[in-house]
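Novice: Mind folding the following:
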Amino acid sequence: MRIERRFDLGCLTRVTVFWFLNSRIRSANFGFAN
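Specialist: Predicted structure coming up:
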């Protein structure tokens, strides 16, 4: 149970970081476009 929970937390962190970086890249692209 502990290992599974830790794995889920790791996946959630990865998804959050990926989404955060993607959002920043989009903002940078819009900034360059404008």
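Novice: in the protein, which segments are predicted with low confidence?
Specialist: In the predicted model, the chain carries pLDDT under 70 at residues 1, 3, 32-34.
Novice: can you do 90?
Specialist: For the chain, the stretches flagged by pLDDT under 90 are 1-11, 25-34.
Novice: all helices of this protein, in order?
Specialist: Assigned helices in the chain, in chain order: 2-33 (criterion: DSSP state H).
Novice: What about residue 22, how many residues nearby?
Specialist: By other Cβ atoms under 10 Å, the residues close to residue 22 number 10. Where C-beta positions appear, they are placed from N, C-alpha and C, glycine not excepted.
Novice: quick one: it from residue 14, how far?
Specialist: Applying Cβ to Cβ, to the nearest Å, the value for residue 22 to residue 14 is 12 Å.
Novice: now do residue 5
Specialist: Going from residue 5 to residue 14 by Cβ to Cβ gives 15 Å.
Novice: same question, residue 30
Specialist: 25 Å.
Novice: same question, residue 20
Specialist: When distance is defined by Cβ to Cβ, residue 20 is 11 Å away from residue 14.
Novice: Distance of residue 13 relative to residue 23?
Specialist: Counting by Cβ to Cβ, the gap from residue 13 to residue 23 is 16 Å.
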